[in-house]
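K.L.:
With the input below, show me the fold.
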Amino acid sequence: MSSARLLFLLGILLTVGWTKSAAGPSLNVRLTTPLTSYNSEVGSEFRAVVIAPYVRHGRVLLPQHTVVFGTVAKTRPVGMAVVRERATIDLNFNSYELPDGRRVPFHAVLRRIDNSREKVTQEGRIRGILAANMPQSLIHGLWHTPRPELFSRSFIGLTGAGGRIFTAYSMGPIGAAGLFAARLAMFRLPEPEIQLPSGIDMKLRVTEIPEDAPSFDLPGSELAPPELASWLEDQPVSVFKPNGAVSADRINVAFIGTREQLEDAFRAASWSEAEPLTARTFSRTYKNFARQSGYPTAPVSKLLYGGSEPDFVFQKSFNTISMRHHIRVWRVTDPDRELWLGAATHDIGGEFDKRSMTFTHKIDRHIDAERSKVLNDLLFAGCVDAPAFVDRPNVASNRRDRKEVLTDGRLALLALKSCATTVVDAQTSPAPPKSKLARIGRRMMLEGRQYALRGNAYYWTYRAFTFHRNSKAHAESFEESSGI
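P.N.:
Modelled structure (predicted):
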C-alpha cells in the first residue's frame, strides 16, 4: 500500500473517531420491529430497545430504554426451495438514541437471538433451519442401523418410515400414495422461513463506537437489612430431584412482595407460567420438539426445595422448546414479610431420551447470567426497585469440573412493587400465502434435497465409525487371545 493511501485511511479514522471494541460484554436488546426473510425489504429500517445497561470501563454507555436503529442488508427467502433450502437475513446496526433524545452513530454485529432455533454466524448472518432435517426424516439414515440394501430403495423412501412398510408389503402405487398422504398429515414440516416477531431478545457485539460517546454512572444497588441478610445467608441453597439427588439449580434470587405482585411482575416482563406436567402437556412437548417449534408454557421437570414443589415456575422462550429462561419460586416462612426464594437457570439445549421416554434439558453452567436476566427484565418492566445483593462466599463455585455450575454465590434480593401488567402481543409479518398444493411441492423439494445431500452422508459416516470401532475391537480381542 502506498504511503499516500495509508495516510488517507488514517486520516479518515482520526476524523471519525471510532474505537474498536474487542470481544467484550454483549449489548442486550429487544426487537420492536418484526423481521422476516420473505417480507422485510432490503434497506428498510428496524428498531430495538436496550433491556440491560451496556457497561464498558465502569461506565454505562447505553442505559435501559435506549433505542437502537438498524437496516436490513440482505434477505434470502426459501420460497419454493428451488434455489435454496435455508433462509438467511443480514442486519446492519448503525446508531442509537439515548432516553434524552441524543442520537449516536455506532456499529454492532448480531451475536445471538435469544432462545432461537435459528443460528447466527460469526459475521452476524441469521441462518434459518433446514426444515426437512427433523426427527421423522432421519428414521432411515440415523435412528435405524443402516444396511447396504437401503441403497436400493425407491423414491418412496422419501416418506421416511413408510419406505419400510412399502418395501415389506408391496402396497403398489395406491398404497404408496396413501402412505405419502398419511405422512403429510401426521408429520408437519416446520416453517423454513425466518420469522422474528417484536419482543424477541438479541445479543449484539459492539464493534465501533465514538470515543466521545456519552456515558453515565453505574446504577446503584441497595443494602439488604442486616437481619434479613443474615437470615438469607443461613438458608439452604440446594434444590433436589425427586430421587434425592442434588440438582444443578441453586437458590440465587429472593423476592419481597405479595403473590399478586410476583405474578404481575413476571407477566409484565413477558414471562409465562409453566403448565403442570400431564399426559397432554407431555404429548404437546414432544410434538413441538418434533416440529422444531416453541411452547411458551411448556412443563418443567419436578424439583424440590425443602421437600416441596415450587409455588410458581416462570419461563421465557421463543421458537424452540430446547431453550428457555426459567425460574422456580418457593414461598418461605418469614414472620415479618412475604418472602419468596427462586432458582433461576437457562436451558440451552434439549433432547428426547428414548430410554426414560422424557424430554431433558441441559442448563448453562454460568447461572449468574440467568440471575441477571431475571433482574434486568423485571427492572426494564418497572416492577422492582434497585436490587440488593447478599454475599454468600460458601456458595461460590469456580470449579473446572464441567458438571459443576459456576457462580459468585451472591443472592439478588428484589423488592417487588405494583407495575403495569399490560403486555403487547408480539407482532410479526404474515406468512406468505401458499396453497396446499404449493406447500406439498415445497415439502417434496426440501425433503428430496435433504435425502440427496445428507441421507447417504449419515449412512457412510455411520459405516465408517462402526468399521473403525469393530476393527479396533477385533484387534484388541486378537491381542488378548494371543497373550500379547
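K.L.:
How about residue 217: what's its closest non-neighbour residue?
P.N.:
residue 60 (7.0 Å; CB to CB, 6 or more residues apart in numbering). C-betas here are computed from N, CA, C, even on glycine.
K.L.:
wait, residue 52 sits on residue 369?
P.N.:
No: counting by CB atoms under 8 Å, residue 52 does not reach residue 369; the two are 10.7 Å apart.
K.L.:
Among these two, which residue is more densely surrounded?
P.N.:
residue 52 (23 against 16; other CB atoms under 10 Å).
K.L.:
Please report how far the more buried one lies from residue 385.
P.N.:
17 Å (CB to CB, to the nearest Å).
K.L.:
repeat for residue 127
P.N.:
In terms of CB to CB, residue 127 sits 41 Å off from residue 385.
K.L.:
Likewise for residue 338?
P.N.:
15 Å.
K.L.:
buried set for stretch 42-51?
P.N.:
46-51 (16 or more other CB atoms under 10 Å).
K.L.:
ok, now which ones touch the residue lying closest to residue 292 once chain neighbours are set aside?
P.N.:
Once flanking residues are discounted, residue 292 sits nearest to residue 190: 4.3 Å by CB to CB, 6+ apart. When contacts are counted by CB atoms under 8 Å, 6 or more residues apart in numbering, residue 190 touches 129, 131, 134, 291-293.
K.L.:
Give me the phi and psi for residue 190.
P.N.:
For residue 190, the backbone dihedrals (degrees, to the nearest 10) come out as phi -60, psi 150.
K.L.:
And the pLDDT at it?
P.N.:
Looking at residue 190, its pLDDT stands at 83.
K.L.:
State the distance from the most centrally placed residue in the chain to residue 202.
P.N.:
The chain has residue 115 as the residue nearest its centroid, 1.7 Å off, counting by CA atoms, centre = their mean. Taking CB to CB as the measure, residue 115 falls 11 Å from residue 202.
K.L.:
Check residue 86 too.
P.N.:
From residue 86 to residue 202 the distance is 20 Å (CB to CB).
K.L.:
Looks like the residue nearest to residue 217 contacts residue 219 (just checking).
P.N.:
Yes: between residue 60 and residue 219 there is a contact under CB under 8 Å: 7.4 Å.
K.L.:
Look at these two and report which has more neighbours.
P.N.:
Set side by side, residue 60 and residue 219 show more neighbours around residue 60, with 17 against 13, by other CB under 10 Å.
K.L.:
Any idea what that one is bridged to?
P.N.:
Per DSSP bridges, the residues bridged to residue 60 are residue 55, residue 216.
K.L.:
same deal with residue 250?
P.N.:
Beta-bridge partners of residue 250, as defined by DSSP bridges: residue 238.
K.L.:
Now pLDDT and secondary structure too, for the buried residues of stretch 42-51, in CSV please.
P.N.:
What follows is the buried residues of stretch 42-51, written out as CSV (pLDDT from 0 to 100; DSSP: H, G, I helix; E, B strand; the rest coil):
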residue, pLDDT, secondary structure
46, 97, strand
47, 97, strand
48, 97, strand
49, 97, strand
50, 97, strand
51, 96, coil
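K.L.:
This protein: helices as residue ranges?
P.N.:
In the chain, the helices defined using DSSP state H lie at 3-16, 162-169, 172-186, 226-233, 259-268, 279-291, 367-380, 436-450, 456-482.
K.L.:
Convert the C-alpha atoms of the fourth one to CSV, please.
P.N.:
Pointing back at helix 226-233 there. The C-alpha trace of helix 226-233 is given here as CSV (Å, rounded to 0.1, in the frame of the first residue of the first chain):
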residue,chain,number,x,y,z
PRO,A,226,-28.8,-6.8,58.2
GLU,A,227,-31.2,-9.2,60.0
LEU,A,228,-32.7,-10.3,56.7
ALA,A,229,-29.3,-10.6,55.0
SER,A,230,-28.1,-12.8,57.9
TRP,A,231,-31.3,-14.9,57.7
LEU,A,232,-30.9,-15.4,53.9
GLU,A,233,-27.2,-16.4,54.3
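K.L.:
which helices and strands does it pack with?
P.N.:
Packing contacts for helix 226-233, counted by 3 or more CB pairs under 8 Å, 6 or more residues apart in numbering; DSSP states H and E, involve strand 388-390, strand 411-415.
K.L.:
Turn those strands into TSV, columns for mean neighbour count.
P.N.:
Output for those, formatted as TSV (neighbours: other CB atoms under 10 Å):
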stretch	mean neighbour count
strand 388-390	19
strand 411-415	22
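K.L.:
With respect to residue 238, which of the ones you listed lies nearest?
P.N.:
Comparing those by their distance to residue 238 (CB to CB), the top pick is strand 411-415, with 13.6 Å.
K.L.:
Could you give the separation of that closest one from the chain centroid?
P.N.:
Distance, stretch centre to chain centre, for strand 411-415: 25 Å (CA atoms, centre = their mean, to the nearest Å).
K.L.:
How about stretch 284-291?
P.N.:
Distance of stretch 284-291 from the chain centroid (CA atoms, centre = their mean) equals 16 Å.
K.L.:
now do stretch 188-208
P.N.:
That offset, for stretch 188-208, works out to 10 Å (CA atoms, centre = their mean).
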